[in-house]
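**Student:** Build the 3D model from these lines:
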Amino acid sequence: MEEIKSGYNPSISQGISFEDLPEDFDWEALNRIVGMELVEDDVLQAQEVQSQLRDYATMDWEDLRYDSRFPGIPPLEWPANTGPDLIRYNLPPQSLWAPDETRLNAIRRRHTWKKLATQELSTCFLIHELLHSAKVSRHARSARGELEKLAPQILEVISQTKDQYKEARFEILQALRVVSNTPVDASAENIANARRHAGHRAIPHYHQDADGDFYAITKQMNDSLKTLLRDVPRGNDKEESIMVAKICHNLLISSASPDLQTFNTLLVGFRHWRRRELIDRVISAFYVNKIRPNEITCREILNHYAHVLRPESFSRFVARMRGVGDTLMLANPNIAVNEASQDRLVRADKEKIYQKVYPTPMVFDALIRGVMRFAGFERALDIYYEMKADGWGLEVQSLTRLLKDCVRRVDWEGGLYVWEEISSLSTRVKHRDMAEAYTHMLSLCSLSNNTVAFNQVLNDVGKGGFDVKSIIDAATELTRVQQNKKVYLAPAWVADNMLIAVSDYIHDAKPNEPDPISEIPEDTDAMFSQHHPDPIGDTKHNITDVEKDSKDAWASWLEHELGERPKDPEP
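**Tutor:** Numbering: from 1, shown residues only. Take a look at the predicted model:
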């Protein structure tokens, strides 16, 4: 065979035309690869923002390094936020910030037979659902060499017809009901009957030894899943299908049950793949497993529901986080709910105590993002103050995202509320983050023709030791972009006069310094994205109809859960 060398070869075709594409070409797969659809030019900008929303999961791989059930893992830095100080000993053991003593006590516990049986069946359910949703059967022939290396049960599930899949699904759910209805202290005969799953395919068998060796097995499985999820070129439908089969193979052959880190890895990985249907299957199996979530779990689920525009699912999950209805976590029923713990525990009846999700800025950020997307700024601000009174708080990056929405809409009153919250953190946050906030507040002052506030904020910038010229340059550019986008803003000369006046002061103060490079990105739309793409407001409000329906859903939820007015309307 002739060796192929790099470089241009005129005898080799360098591409194909549309006529060369097969009739059954998978345009959905192409969309996942390039991150945009082939649409008219007037919506390309909005589509690019949507692509950025999908890409934010790549940033979350780093957080998984801190996601562990074992003592000795350095915790994430607790960010300065508008909530109360962190009390680590009130945190559940699965939290990213839980102390080692709490984690050590947790890993000494062992599952009951009922818990293990439930996990076996729910993992079996997940295997069937993933293989079916990923349509692995489409590649059963072309990828047979790879698939035959896996457990034979995987091939059996892949080869199921549609009717066989429905029948197997029904049988698994029936078996789950039998286990659920069997008391944990039932007789040995009843337990044996409950665990009899004859006829089911792809059911793993889990056990937990007294020495805790199963923890190492679970960790090894999680590391393998992470490698599989990260190694696939995004949008390669065939490779993704093969990797889904390998993921199911790992879940099946492991002698140790999946843990919270398993599900967090799958949620982040499938979000990176942009496979919404697979995320839904993982969330369903997570509920059935009855595993206690941590901050990464809540963030991923909230962001998923916000991204796929499901306000009802989003609001139900928020209610469960707050200990309402079918809650996410149960506490020991023998615990006394006193004044110190009533913010975290809710007694449902004599046998059950619901445990709320501990307030953290990571989860609160995802919650506010979703409210912004579904119901807009005003409702987000209402919920912010309501939940702040319940112990929640936002860090400055999250507050700056709210401020950005005010800049986009030239909402001076809303911006003042947000700025007061940001100002309360100004001495406790990183210089870079505060500089970003100052940039947006100066732009809002300019766009709103508020000279007094502009001068006051600028004075604070100088006193804080910031690079005043760099911030002014960034604010000027941001204001220019906003003026080009909106037709109802203050006249251009109003903002320009203010910025020109202060620019003279800047040049007088630093006559010999070269102009620093502005931190404004070349793509002006990226200005409304911080650290990772913003899944709230950077869609340019192009989902008006969805927002209308969403507001009704949120209005009923707010009236039932939070009340019409916030407890603390004035920050």
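**Student:** Every contact and neighbour count from this point should use C-alpha atoms.
**Tutor:** OK.
**Student:** Helix or strand next in line after the lowest-mean-pLDDT helix or strand in the chain, which one?
**Tutor:** Evaluated with mean pLDDT, DSSP states H and E, the helix-and-strand set of the chain has its lowest mean pLDDT in helix 44-55, which scores a mean of 39. Past helix 44-55, heading to the C-terminal end, the next element that is a helix or strand (DSSP states H and E) is helix 100-107.
**Student:** Next, the buried residues of that following helix.
**Tutor:** Judged by neighbour count (16 or more other CA atoms under 10 Å), helix 100-107 contains these buried residues: 100, 102, 103.
**Student:** Put the alpha carbons of it into PDB.
**Tutor:** Once side chains and other backbone atoms are set aside, the C-alpha atoms of helix 100-107 remain, and they are given as PDB (Å, rounded to 0.1, in the frame of the first residue of the first chain):
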ATOM      1  CA  ASP A 100     -13.100  14.200  57.100                       C
ATOM      2  CA  GLU A 101     -14.700  13.000  60.300                       C
ATOM      3  CA  THR A 102     -18.100  13.100  58.700                       C
ATOM      4  CA  ARG A 103     -16.900  11.200  55.700                       C
ATOM      5  CA  LEU A 104     -15.100   8.600  57.800                       C
ATOM      6  CA  ASN A 105     -18.200   7.800  59.700                       C
ATOM      7  CA  ALA A 106     -20.200   7.500  56.500                       C
ATOM      8  CA  ILE A 107     -17.800   5.000  54.800                       C
END
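**Student:** next SSE after that helix?
**Tutor:** The helix or strand immediately downstream of helix 100-107 is helix 113-133, counting by DSSP H and E.
**Student:** got a list of contacts for that following helix?
**Tutor:** Applying CA atoms under 8 Å, 6 or more residues apart in numbering, the set of residues contacting helix 113-133 from outside is 137, 157-158, 165, 169, 172-173, 175-176, 179-180, 184, 195, 201-207, 241, 244-245, 248, 251-252, 257-258, 277-278, 281-282, 285, 288-289.
**Student:** how about 7 Å then?
**Tutor:** 157-158, 169, 172, 176, 179, 184, 195, 202-206, 244-245, 248, 257, 277-278, 281-282, 285, 288-289 (CA atoms under 7 Å, 6 or more residues apart in numbering).
**Student:** Repeat that for stretch 88-96.
**Tutor:** Among residues not part of stretch 88-96, those counted as contacts by CA under 7 Å, 6+ apart are 66-67, 69, 75-76, 97-99, 102-103, 106, 294-295, 358.
**Student:** What mean pLDDT does it get?
**Tutor:** Confidence over stretch 88-96, taken as the mean pLDDT, stands at 88.
**Student:** Equivalent analysis for stretch 203-221, please.
**Tutor:** Average pLDDT, stretch 203-221: 93.
**Student:** same deal with stretch 238-247?
**Tutor:** Per-residue pLDDT values across stretch 238-247 average out to 93.
**Student:** Check the offset of stretch 456-464 from the chain's centre.
**Tutor:** A distance of 35 Å separates the centroid of the chain from that of stretch 456-464, by CA atoms, centre = their mean, to the nearest Å.
**Student:** Would you mind pulling the contact partners of it?
**Tutor:** Counting by CA under 7 Å, 6+ apart, the neighbours of stretch 456-464 from elsewhere in the structure are 442, 468.
**Student:** got the contact list for residue 179?
**Tutor:** 114, 118, 194.
**Student:** ok, so of those residues, who is nearest residue 399?
**Tutor:** residue 118 (41.4 Å; CA to CA).
**Student:** so how far is residue 184 from that closest one?
**Tutor:** Using CA to CA, to the nearest Å, we find residue 118 at a distance of 12 Å from residue 184.
**Student:** what about these two, which has more around it?
**Tutor:** Per other CA atoms under 10 Å, whichever of residue 118 and residue 184 has more neighbours is residue 118, with 22 against 13.
**Student:** now that one: how far from residue 449?
**Tutor:** Distance check for residue 118 against residue 449: by CA to CA, it reads 62 Å.
**Student:** what do you get for residue 251?
**Tutor:** Counting by CA to CA - residue 251 and residue 449 are separated by 60 Å.
**Student:** Neighbour count for these two, which is higher?
**Tutor:** Set residue 251 next to residue 449 and count neighbours by other CA under 10 Å: residue 251 wins out with 26 against 22.
**Student:** what's next to whatever helix or strand residue 227 lives in, contact-wise?
**Tutor:** For residue 227, the host element (DSSP H and E) is helix 213-231. By CA under 7 Å, 6+ apart, the residues outside helix 213-231 that reach it are 208, 243, 247, 250, 256, 257, 258, 262, 265, 269.
**Student:** Assess the claim that residue 365 and residue 395 are in contact.
**Tutor:** No - using CA atoms under 7 Å as the test, residue 365 is too far from residue 395 to be in contact (8.2 Å).
**Student:** which stretches of the protein form strands?
**Tutor:** Counting by DSSP state E, the chain forms strands over residues 329-331, 345-347, 353-355, given from the N-terminal end onward.
**Student:** Note down every partner strand of the last one and its orientation.
**Tutor:** In this case it means strand 353-355. Counting by DSSP bridges, the strands paired with strand 353-355 are strand 329-331 (antiparallel), strand 345-347 (antiparallel).
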